[in-house]
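**Q** The sequence and its predicted three-dimensional model are supplied below.
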Amino acid sequence: METVFDDRGMVVTFDNSSVLLISDLHLGIEEELAESRGVHFPYQHPSMLERIEVLVEKYNISHLLIIGDVKHSILTDSYYNWEIIPEFMKTLSNYAETTVIPGNHDGDLRALLPRNIDVTDTYGILIGPTNEKVGLLHGHSWPAGHILDAKLIVIGHNHPTVRRFRDASVPEIGRSSRKRYAGTVPVVLRSKLDKNCVRNAIGALEIPDDPECALITLPSFNKLLSGVSINYPKSVFLGPFFENKCAHLSDSEVYSIDGIFLGSVEWLRERFNEMIKSSPSRD
C-alpha cells in the first residue's frame, strides 16, 4: 500500500487499484456566508469538480470516497441543496465509482443523491486487501468495532490548518515590528490512535498485540473553509478520538497538503509562542 497527499486529498494505492479520499466539501457554505455575514463568494462546486477530475485522471482513480460533510446545511431544505448537489454528485459518479461516509452535516443526504452513489452508515467502512485494511469515517462518532482491524484510519471533521502571521513593520517611516494575522494554510495530521482506548469506549475487548494504528486527519476540500489552527496553543480537536484522549493533538505530526513534513504540533506551538513573545509591546 502506498499513500500520496495532493490538493487536500489522499490517494491510496493498493496492488491493482488507486482510490481517492476527500473530506468536508461543505457544499453550500456560500449561501450561509451570504445570509449571516452579507459576504458573497463565488460558488466553489465548479472548481471542486475540476480539481477532483484532475486528481482522478492524474492517479487513475477507480473509486472516490468522500469522508463526510458533503453539504454544509445539516437539513436539506435549501434551494442550493436541491438544485446543485444532485447534479454535482452525478458528475462525480461519472468520474469514478463514488461512496459517501456521512458526516454530522449530512442529514437526509440520501434524498439528494443519484441511485448509483453508495452511502454507508456513520460508523465507517474498511477498504483494501486483508493485510492492508484502511478504515474510513468522518470522525464525529465512534467507529464500529471492525474498523479497528485497520492498519490506518482516515477521518475529517476538524479541518486542520496552520495559522500564519506576517511582519507589518515599515522601517522607512519608523513603524516598529508588528505581527499581523495572515490567514491559515490547510494541513494534514498524522496521529497515533490508541485502539484499546477506543475498544474500551465502545465496549469491545482489548487486544494486547494490536494496541495502536496511524490516524490521518484530512483538511477540508473546500477552499473557503478554514478550521482548527493546530499551532495555536489553546486549539482542541472535537470528536471522540481526541476528546477521550485516544489520540493526542499535541503529539501529532503535521504535513502540507502535498505531503511535506512540517514538524510536530508541539514544535509548531512552541514556535508560535516564541514569535508572540518576541513581538514588541505596543507604545
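**A** Perfect, thanks for sending it.
**Q** From now on I want contacts and neighbour counts done on CA atoms only, so please keep to that.
**A** Will do.
**Q** list the contacts for Leu189?
**A** 160, 215-218, 252-255 (C-alpha atoms under 8 Å, 6 or more residues apart in numbering).
**Q** Look up how far Phe237 lies from it.
**A** 11 Å (C-alpha to C-alpha, to the nearest Å).
**Q** quick one on the thing from earlier: list the ones among the contacts of Leu189 that fall in helices.
**A** Using DSSP state H, no member of the contacts of Leu189 sits in helices.
**Q** with the residues you listed in mind, which one is nearest to Glu50?
**A** Nearest to Glu50 among those: Leu218, at 19.4 Å, using C-alpha to C-alpha.
**Q** Local confidence estimate at that closest one?
**A** At Leu218, the predicted lDDT confidence score is 98.
**Q** hang on, it packs against Asp7?
**A** No: using C-alpha atoms under 8 Å, Leu218 is not in contact with Asp7; the gap is 10.7 Å.
**Q** What helix or strand is Glu270 located in?
**A** helix 265-278 (DSSP states H and E).
**Q** which of the residues in that helix are buried?
**A** For helix 265-278, a neighbour-count test (16 or more other C-alpha atoms under 10 Å) marks 265-269, 272 as buried.
**Q** Could you export those as a markdown table, including pLDDT and distance to Gly203?
**A** Below are the buried residues of helix 265-278 laid out as a markdown table (pLDDT from 0 to 100; distance: C-alpha to C-alpha, whole Å):
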| residue | pLDDT | distance to Gly203 |
| --- | --- | --- |
| Val265 | 96 | 31 |
| Glu266 | 95 | 32 |
| Trp267 | 94 | 35 |
| Leu268 | 94 | 36 |
| Arg269 | 93 | 35 |
| Phe272 | 80 | 39 |
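**Q** For those, could you give me a markdown table that also reports distance to Glu87?
**A** Putting these into a markdown table (distance: C-alpha to C-alpha, whole Å) gives the following:
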| residue | distance to Glu87 |
| --- | --- |
| Val265 | 39 |
| Glu266 | 43 |
| Trp267 | 44 |
| Leu268 | 41 |
| Arg269 | 42 |
| Phe272 | 43 |
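**Q** from those, which single one is nearest Glu53?
**A** Nearest to Glu53 among those, with distances taken as C-alpha to C-alpha, is Val265, at 32.1 Å.
**Q** That concludes my questions; thank you for your assistance.
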